[in-house]
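Novice: Pasting the sequence and the predicted model now:
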Amino acid sequence: TVVGKLYADGDPRLDSGFTLFYAGINVGALFSALICGYLGERYGWSYGFGAAGIGMLAGLAVFLTGQKYLQGHAEPPDPEALRRRLFGPLTVEWTIYLCAALALPALWALMQLGNAVLWLQVATMAAWLGWLAWYVTARCNKVQRQHMLACVFFVAVCLLFFTLYEQTYGSWVLFNDRMLTKDLFPALVIREGHPMPWSTLPLVLSPFLVALALRLHGGRLPGLLLGGLTLMGVVFIVRDCIVLPQTASSLTYLGPLFIVLLAPIAAWLWPFLERHGLNPSKPAKSAIGLAFAGLAFIPLLMGNPDPASGALGSVWWIALAYLLIEMGEVALSPIGLSAVTQLSVPQVAGLMMGAWWLGTSFSEQLASILGKLAALDVPADGQIDMAVATAKYGTLFQQMVWLGLGAAVLALLVTPVVKRWMQGVK
């Protein structure tokens, strides 16, 4: 929502802005996959989750330091209301913090109750749809109503795409663990001892250097600081990707790595196509994203090893799969976020953005249900039946191909209708 407010209505740079914002998110995901996955596998998951906590604190520090540069869009609309006292010395703001902290044990307990989270998500989705039906009927004019219906299209596309994408953290990880090799360049991997990920260093330095760069006005020093930090991060990440022994969990870094590499290309591509009258509409980009999500499962089918050979498939097949699915994500996700901020009625823009993220959370439930198609019985000795595994993974991946391509065709068919609902919004 804040990113959307940084651009004026009709600004052609909005899609590119969201794409670069999305790349920033995935810089963190790239660090976390490399560092947290490696530390968890090598030293224990207390270290992996501890590193994740440090990363979140670093992100919060960077946001609080740079908040004043967001043109006031990250500030509360009514600061006086937050300072109003509710319970003795407790203000509204501190009551919100306290309630959030007290909710953590309840949320933890909820997660222990099997399908309770799923039913809570279903109830939340139903409540949102009920509210939406009332809101567009009772509170919107014709143009606003059509804009809100177009938002529903992007939320639905988001849910479908991430149902496929979340396989990267489920069936893809297990497939990689059981059926593929792990190291991209085996001859260069350090096998002795316990090598540490060098990319930890720029992660630790980033909040301090970014804060310092923001406080320096003018001159070349801020650019040099951020450029040096970026160069250090790139060099150390490349080093860790090549020389650290990889695991199925640490190889999830491939997803954010491709996002970071592809996002600047996409940020340049959309304005370039716009200048030449070739820029696809937002609904069409969503269809493209769904198509790439379906195609991403084809390399996994090709890399599914022959059980008779007794050999594992190559890790490069899953690297290609990650490239394809991230091409789809760059085309779909930041563009969808941009569309929701543009099309939502301003008074409920935050709620509509919440619906987008509700769709992504619900997609994880659907992904887990579909992933069970490849569930395997693991005996006590841990040796799975490779023939059964090959057959089950093959069946799942084939269905994901057809689901992605079928959803893409459906999205393409309704694109003209959604474009009419958007009333010229690009």
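Specialist: The structure has been received and is ready for your questions.
Novice: Next secondary structure after the helix or strand residue 96 falls within?
Specialist: Applying DSSP states H and E as the criterion places residue 96 in helix 92-111. Using DSSP H and E, the next helix or strand after helix 92-111 towards the C-terminus is helix 116-138.
Novice: list the buried ones in that following helix?
Specialist: 117, 121, 125, 128, 132, 135, 136 (16 or more other CB atoms under 10 Å). Backbone N, C-alpha and C define where each C-beta goes, glycine included.
Novice: Just the closest of the residues you listed to residue 182, please.
Specialist: residue 117 (31.5 Å; CB to CB).
Novice: hang on, that closest one packs against residue 110?
Specialist: Yes. The pair residue 117 / residue 110 is scored as a contact, 6.1 Å apart, by CB atoms under 8 Å.
Novice: Provide a list of residues in contact with residue 166.
Specialist: Applying CB atoms under 8 Å, 6 or more residues apart in numbering to residue 166 gives the contacts 363, 364, 367, 368.
Novice: Name the SS class of it, please.
Specialist: helix (DSSP: H, G, I helix; E, B strand; the rest coil).
Novice: got the buried residues of helix 116-138 as TSV, with pLDDT and distance to residue 391 columns?
Specialist: Shown next, in TSV, are these (pLDDT from 0 to 100; distance: CB to CB, whole Å):
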residue	pLDDT	distance to residue 391
117	81	31
121	85	32
125	90	34
128	92	39
132	93	42
135	94	48
136	91	47
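Novice: who's in contact with residue 400?
Specialist: 164, 167, 294, 297, 370.
Novice: Most widely separated two among the residues you listed?
Specialist: 294 and 370 (13.1 Å).
Novice: Specify which member of the contacts of residue 166 is nearest to residue 349.
Specialist: Relative to residue 349, and with distances defined as CB to CB, the nearest of the contacts of residue 166 is residue 363, at 21.6 Å.
Novice: Do I have it right that that closest one meets residue 162?
Specialist: Yes. Applying CB under 8 Å, one finds residue 363 in contact with residue 162, separated by 3.7 Å.
Novice: These two: which is more packed in?
Specialist: residue 162 (23 against 19; other CB atoms under 10 Å).
Novice: which one of residue 294 and residue 370 has more residues nearby?
Specialist: Neighbour count, other CB under 10 Å: between residue 294 and residue 370, residue 294 has more, with 23 against 19.
Novice: got the CA coordinates for the helix or strand containing the more buried one in CSV?
Specialist: Per DSSP H and E: residue 294 is located in helix 282-295. Extracted C-alpha coordinates of helix 282-295, given in CSV (Å, rounded to 0.1, in the frame of the first residue of the first chain):
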residue,chain,number,x,y,z
LYS,A,282,-2.1,-6.5,-16.2
PRO,A,283,-4.7,-9.3,-16.6
ALA,A,284,-2.6,-10.6,-19.6
LYS,A,285,0.6,-10.6,-17.5
SER,A,286,-1.3,-12.6,-14.9
ALA,A,287,-2.1,-15.2,-17.6
ILE,A,288,1.6,-15.2,-18.6
GLY,A,289,2.6,-15.8,-15.0
LEU,A,290,0.2,-18.8,-14.6
ALA,A,291,1.5,-20.3,-17.9
PHE,A,292,5.2,-20.1,-16.7
ALA,A,293,4.1,-21.6,-13.4
GLY,A,294,2.7,-24.7,-15.2
LEU,A,295,5.7,-24.9,-17.5
